[in-house]
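**Q** Provided below are the primary sequence and the corresponding predicted coordinates.
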Amino acid sequence: MQKSWWKILGAVLVIYSTIAGLLLGVPHLDILNETIRNLYFHVPMWFAMIVLFSISVFYSIKSLMYTNEVYDLKAVEAINAGIIFGVLGLITGAVWAKYTWGQFWSFDPKQNFAAISILLYFAYLVLRNAIDEEQKRAKISAIYNIFAFPMMVVLLFVLPRLQSSLHPGNGGNPGFNSYDLDSRMRMVFYPACLGWILIGYWIYTIRFRIRSIEHQTN
Amino acid sequence: MQIANQVKQLIRKEMLLEWRSKYALNGILLYVVSTVFVCFLSFVSVPEKLTWNALFWIIMLFASINAVAKSFLQESKGRHLYIYTLVSPVALIIAKTLYNSLLMIGLTLIALLFYTLVFSFPAGADMGMYLVATVLGSLSFATIFTMVSAIASKAGNGGMLMAILSFPIIIPVLIVLIKLAKNAIDGLDRSVSLDDIGLLAVINVLVMAASLLLFPYLWRD
């Protein structure tokens, strides 16, 4: 019970943000209308993904420093969990875009860059499958993971700012800060972010434990 | 001091090997020339500036993957071990990157020359700025592909993996490059492009630093 307080907190926050996000009042803006509520579901996915990928890079560095297969398993499972959140982020974004921009995928720079950064981690998984020998696989995939991480940061945080995009927060479109005139949205948005990050971390720990049991029985 | 000396010797060795066989350089040149020629046969002329730019970078992307991929993939196991006993890994990666940068700059300039011979350079374009873009592009291709080629060669199945690993990494660089080159073609004021040049320089430094830190781990078997 004492060890699992954060799991309970995560679950409570996600349930709270789902219910409150659909029921509480939001500012009424043109075009966005009620789709503004997607903020509570779309943006936390990316935060959770970034946190999980950072965890993965941390363990990749550790796995290079001390050759221990546990670190390698942690790194790959953090990426597996992160990819789930990345794909969910793309899907929630695409559904939102259908109702505001008119198309699921309109080749907006933000959509493209997000898709490419997911591709980066698919390449990581392909690289892992290409190598049979375990220690070699741990080392080479850790190196690729560390090498790819700065590129992902450039893709997600630097390049979209240089190009004109329809995404909220870019090129004169209202961003999050201009939405919440009365701070109503903050009350749901911050708990949602924290909740989804905790849930993501929980998924990662479960996946890691399954993988390490499998590893021991083999 | 020792590292500088080793780097010098390694670059000399690469150049000597290249000069003796002339296989890679001629092969890549032939590749570029025949691609441009095929493009000429199918396009005849490229009136659109945008297409002109895109076509050039597509040709350069594939030529440079082929040119740089061989830098680690071609080394035999025995020679690899021999070099391992002689020099430090930092010297090796610096030497390979420098050699590939030189190779790529030469290759890109020749390709640009031939390309402009076939498809004339768009009127009103800023030639100097376009040259800066191509040189920066070849540097970025060299730094990124050298490290990815090292990773792919260690993983054991060459060409296929090289493409899968390098494309997602090179795309952000390519986007900035195409934007920079397009600014030059449109003849925009040079101050507009300074941000992009800065970003490319930062990416290059980042990639180089990551390579220097990571290669010693990769190299050890």
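**A** Noted; the coordinates are in hand.

**Q** Packing partners of the helix or strand harbouring B:Met15?
**A** Under the criterion of DSSP states H and E, B:Met15 resides in helix B:2-21. Contacts defined by 3 or more C-beta pairs under 8 Å, 6 or more residues apart in numbering or on different chains; DSSP states H and E place helix B:2-21 against helix B:89-118. C-beta: built from backbone N, CA, C; applies to glycine.

**Q** for the helix it packs on, which positions count as buried?
**A** For helix B:89-118, a neighbour-count test (16 or more other C-beta atoms under 10 Å in any protein chain shown) marks B:89-101, B:103-105, B:107-108, B:111-112, B:114-115 as buried.

**Q** can you check stretch A:153-163 too?
**A** Result for stretch A:153-163 [16+ other C-beta under 10 Å]: buried residues A:Val153, A:Val154, A:Leu155, A:Leu156, A:Leu159, A:Pro160, A:Gln163.

**Q** Between the two ends of that stretch, how far is it?
**A** Using C-alpha to C-alpha, to the nearest Å, one end of stretch A:153-163 lies 16 Å from the other.

**Q** ok, now which ones touch residue 18?
**A** Since you didn't name a chain, this refers to chain A. Going by C-beta atoms under 8 Å, 6 or more residues apart in numbering or on different chains, A:Thr18 touches A:Tyr40, A:Phe41.

**Q** wait, I meant chain B there
**A** B:Glu18 makes contact with B:Ala24, B:Leu25, B:Leu103 under the criterion C-beta under 8 Å, 6+ apart.

**Q** try it again with 6 Å
**A** Residues near B:Glu18 by C-beta atoms under 6 Å, 6 or more residues apart in numbering or on different chains: none.

**Q** now do A:Tyr121
**A** A:Tyr121 sits in contact with A:Ile79, A:Ile83, where contact means C-beta under 6 Å, 6+ apart.

**Q** same check, this time on the one 10 residues further on
**A** Contact analysis of A:Ile131 by C-beta under 6 Å, 6+ apart lists A:Arg137, B:Ala155.

**Q** Check the gap between it and B:Ile169 for me.
**A** Note on A:Ile131: its distance to B:Ile169, by C-beta to C-beta, to the nearest Å, is 18 Å.

**Q** ok, now B:Arg20?
**A** From B:Arg20 to B:Ile169 the distance is 32 Å (C-beta to C-beta).

**Q** how about the residues of chain B that lie near chain A?
**A** Proximity of chain B to chain A, by C-beta under 6 Å from any C-beta of the partner chain, involves residues B:151, B:154-155, B:157, B:161, B:164-165, B:168-169, B:171-172, B:206, B:210, B:214, B:217-218.

**Q** for B:Pro122, helix, strand, or coil?
**A** coil (DSSP: H, G, I helix; E, B strand; the rest coil).

**Q** do the same with B:Leu188
**A** coil.

**Q** can you tell me the helix or strand for the residue in chain A positioned nearest to chain B?
**A** Closest to chain B within chain A is A:Leu120: 4.1 Å, counting by C-beta to the nearest C-beta. Counting by DSSP H and E, the element that carries A:Leu120 is helix A:109-130.

**Q** Could you pull up the mean pLDDT of that helix?
**A** Averaged across helix A:109-130, pLDDT comes to 90.

**Q** after it comes which helix or strand?
**A** Immediately after helix A:109-130, counting by DSSP H and E, sits helix A:134-153.

**Q** For whatever helix or strand comes next after that next one, name the packing helices and strands.
**A** Under the assignment DSSP H and E, the closest C-terminal helix or strand after helix A:134-153 is helix A:159-162. The criterion is 3 or more C-beta pairs under 6 Å, 6 or more residues apart in numbering or on different chains; DSSP states H and E, and the helices and strands that helix A:159-162 contacts are helix A:109-130.

**Q** Quick check: residues of chain A near chain B?
**A** Proximity of chain A to chain B is confined to A:64, A:116, A:119-120, A:123, A:126, A:130-131, A:140, A:143-144, A:147, A:150-151, A:154-155, A:159 under the rule C-beta under 6 Å from any C-beta.

**Q** Give me the below-cutoff pLDDT ranges for chain B.
**A** B:1, B:157-158, B:221 (pLDDT under 70).

**Q** any idea what sits nearest A:Val87, other than its immediate chain neighbours?
**A** Distances taken as C-beta to C-beta, 6 or more residues apart in numbering or on different chains put A:Ile118 closest to A:Val87, at 6.7 Å, once the chain neighbours are dropped.

**Q** burial count for the one you found?
**A** By other C-beta atoms under 10 Å in any protein chain shown, 20 other residues sit near A:Ile118.

**Q** How about B:Met60?
**A** Neighbour count for B:Met60, taken as other C-beta under 10 Å: 25.

**Q** Spit out the contact partners of B:Leu161.
**A** By C-beta under 6 Å, 6+ apart, the contact set of B:Leu161 is A:Ala130, B:Ala152, B:Ala155.

**Q** nearest to B:Gln9, of these?
**A** B:Gln9 lies nearest to B:Ala152 out of these, by C-beta to C-beta, at 25.4 Å.

**Q** In this structure that closest one contacts B:Ala163, no?
**A** No. Counting by C-beta atoms under 6 Å, B:Ala152 sits too far from B:Ala163 to count as a contact (8.9 Å).

**Q** higher neighbour count, the two?
**A** Shown here are B:Ala152 and B:Ala163; by other C-beta under 10 Å, B:Ala152 has more neighbours (27 against 15).

**Q** Spatially nearest residue to residue 57, not counting backbone neighbours?
**A** No chain specified, so I'll use chain A. Closest residue in space to A:Val57, ignoring its immediate chain neighbours: A:Phe149 at 4.8 Å, by C-beta to C-beta, 6+ apart.

**Q** could you do chain B instead?
**A** Using C-beta to C-beta, 6+ apart, the nearest residue to B:Trp57 is B:Ile178, at 5.7 Å.

**Q** what do you get for B:Leu50?
**A** B:Lys182 (7.2 Å).
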